[in-house]
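Asks: Here's my sequence, what's the structure:
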Amino acid sequence: MVLVRAPIEGPSPTQQPQLLIHFRHPGYSDSSNVLFRLQATDRDDEGEPGLLAQLALDACAIVAGNPGVVGWLSLSRDGSAPIQPSIVLHHRYYYYHLEGADEAPYPVVPNFRQWRFPHGRLPQHWQQLAPNAKVNAKAAAALPTASLAYYKLTTALLTCEGSCRLTGCREHPQVARVVPLSELLWWRANNMSRYNTSDEANIHDTANALLLRADLHIAFDRRRLVFVPKPAADGNICLVAHVLCSSPEFELLYHNRELHPNVVSADMLYARFAWAIFPQLRPFLESKTDRRLTLLASDASLADAHGCITDGQSPSSATISTERPGRDPLPSALASEHIFFSSSLLLTPTSPPIDTTLSLQGPEALPMPLRPQLAQAWLERERQRSDPDDTWTKEQDWLRRVWAGKTLLNEEVERWFERIGAEGKEA
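Replies: Residues are numbered from 1 along each chain as shown. As a prediction, this is how the structure comes out:
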């Protein structure tokens, strides 16, 4: 009887060349027009790094706010010789062009919470995932008909899937949310419950979760890998893992591996892909260059009664210029589509205007819990004691002035995004 076995040998990936592909905005100077970069992990038969053009186009369209017009990649600023989506990119720099965006720089969405999900306009190759990514009807019918609350979700996924969807390992898989719980307000504001398996408007739904091994769950939440559609050799579209970071082991073990059958929604996976891409924009936004941005205008309220939250996302219209610096009050009714307005967050009159639509932003729109009078008075006394310089009050006053139409200098833009809770790339 053998009681001692040799240590498990780890994977031995070969050393291969690395390539970061830069995607440029043709509306800005080449010195400051790189929107984001993606690791070239789609290697050819010779091991040369590359990236499927269709995946890059998906990322660019999301960053541009899914405007519903034709977009294409080109090696040139003028947009000539469009690159076909089916090819693999091998160059270091590409320009992303939008049809009809010749006169001014097309606007860019700065972060995930400002992005509006393109209902009914999901790219065709993502739509083709639907029949391939579903388990059989009997397994789906076995789901609880009541709300899939947190404690029921694991049981439901173990019943339908039973193992890690990437490795097939059955020992202690974890429930990985596709749209993270931290983005619950975004999930509600964008009405993502329409893609749920159950008829409940609950983020704890099998359409928004899948089973992953613990290490892969961590990598998924750290934006190291995503699950995207790619064409198989027979032309069918399959759901595969795509490694976003430079990781020889992950590339060897998991990159372009097809997932096991699951009940996750293709729409949720598309949202997750967007969530993983947006932090890559930070260098573009932090450069000392005026940018044309698209934001969401909305307000929100929070009722502190048994956890009942009223999320009144309301894109609204308001025209702001140097002649009329104040913002209009935000209505509580939900508008059906974005309406853009101009804001003078500029240093020079020749700079392009910033198109905006704001979401859950601004001090007046932040949800505030109800506090008893005595508790509020105590809080104010403690705040004065711990903050003798009144820094907190000054910061709140600054935020209100910005919300009322104060012109921002370039160096104040990052401060504004940080104060309103915009996400940033982890160090």
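
Asks: rest of the way, CA atoms for contacts and neighbours
Replies: Fine.

Asks: Not counting its neighbours along the chain, what's nearest residue 192?
Replies: Excluding the flanking residues, the one nearest residue 192 by CA to CA, 6 or more residues apart in numbering is residue 268, at 7.8 Å.

Asks: Show me where the stretch 151-300 of the chain dips below the pLDDT cut-off.
Replies: Within the stretch 151-300 of the chain, the ranges that satisfy pLDDT under 70 run 151, 297-300.

Asks: What segments of it are helices?
Replies: In the stretch 151-300 of the chain, the helices defined using DSSP state H, counting those that start in this stretch lie at 184-189, 214-221, 248-254, 266-277, 282-286.

Asks: Could you check how far residue 220 is from residue 81?
Replies: Relative to residue 81, residue 220 is positioned 36 Å away (CA to CA, to the nearest Å).

Asks: Who has more neighbours out of those two?
Replies: For residue 220 versus residue 81, the count of surrounding residues by other CA atoms under 10 Å is larger for residue 220: 21 against 11.

Asks: Identify the residue nearest the more buried one in space, chain neighbours excluded?
Replies: residue 226 (6.6 Å).

Asks: Then residue 194?
Replies: With sequence-adjacent residues excluded and distances taken as CA to CA, 6+ apart, residue 194 is closest to residue 201, at 7.6 Å.

Asks: how far away is the one you found from residue 273?
Replies: 22 Å.

Asks: export stretch 13-28 as PDB, just CAs?
Replies: Taking Å, rounded to 0.1, in the frame of the first residue of the first chain, the C-alpha atoms of stretch 13-28 are listed here in PDB:
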ATOM      1  CA  PRO A  13       3.600  27.400 -18.700                       C
ATOM      2  CA  THR A  14       6.200  28.300 -21.300                       C
ATOM      3  CA  GLN A  15       7.600  31.800 -21.400                       C
ATOM      4  CA  GLN A  16       5.800  33.700 -24.200                       C
ATOM      5  CA  PRO A  17       5.900  37.300 -25.400                       C
ATOM      6  CA  GLN A  18       3.400  39.700 -23.900                       C
ATOM      7  CA  LEU A  19       1.500  42.500 -25.600                       C
ATOM      8  CA  LEU A  20      -0.700  45.200 -24.300                       C
ATOM      9  CA  ILE A  21      -3.000  46.600 -27.000                       C
ATOM     10  CA  HIS A  22      -3.900  50.300 -26.700                       C
ATOM     11  CA  PHE A  23      -7.300  51.600 -28.000                       C
ATOM     12  CA  ARG A  24      -7.200  55.200 -29.000                       C
ATOM     13  CA  HIS A  25      -9.900  57.900 -29.200                       C
ATOM     14  CA  PRO A  26      -9.500  59.600 -32.600                       C
ATOM     15  CA  GLY A  27     -11.000  62.900 -31.300                       C
ATOM     16  CA  TYR A  28      -8.000  63.600 -29.100                       C
END
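
Asks: for residue 36, what are its contacts?
Replies: By CA atoms under 8 Å, 6 or more residues apart in numbering, the residues touching residue 36 are 22-24, 280-281, 283-284.

Asks: and residue 191, how many neighbours does it have?
Replies: Residue 191: 13 neighbours (other CA under 10 Å).

Asks: Start the count at 25 instead of 1 going forward.
Replies: New numbering, starting at 25: the last item is residue 215.

Asks: Tell me which residues of stretch 258-269 come out buried.
Replies: By neighbour count on 16 or more other CA atoms under 10 Å, the buried set for stretch 258-269 is 261-269.

Asks: in stretch 219-226, what counts as buried?
Replies: By 16+ other CA under 10 Å, the buried positions in stretch 219-226 come out as 219-222, 224-226.

Asks: Quote the end-to-end distance of that stretch.
Replies: Stretch 219-226 has an end-to-end distance of 10 Å (criterion: CA to CA).

Asks: part of a helix, is residue 118?
Replies: No: counting by DSSP: H, G, I helix; E, B strand; the rest coil, residue 118 is not part of a helix but strand.

Asks: now it: how far from residue 97?
Replies: Taking CA to CA, one finds residue 118 at 6 Å from residue 97.

Asks: follow-up on the earlier one: and the residue nearest to residue 216, what does it touch?
Replies: Residue 292 neighbours (CA under 8 Å, 6+ apart): 202-203, 216, 219, 231-232.

Asks: With residue 122 instead?
Replies: Neighbour list for residue 122: 93-96, 130 [criterion: CA under 8 Å, 6+ apart].

Asks: Just the ones in strands from these, please.
Replies: Within the contacts of residue 122, residues falling in strands by DSSP state E are 95-96.

Asks: any idea which residue sits dead centre in this structure?
Replies: Taking CA atoms, centre = their mean, the centroid of the chain lies closest to residue 299, which sits 1.9 Å from it.

Asks: Hmm, that residue is touching residue 136, no?
Replies: Yes: contact status for residue 299 versus residue 136: in contact at 5.6 Å, counting by CA atoms under 8 Å.

Asks: Next, show the common contact partners of those two.
Replies: By CA under 8 Å, 6+ apart, no residue touches both residue 299 and residue 136.
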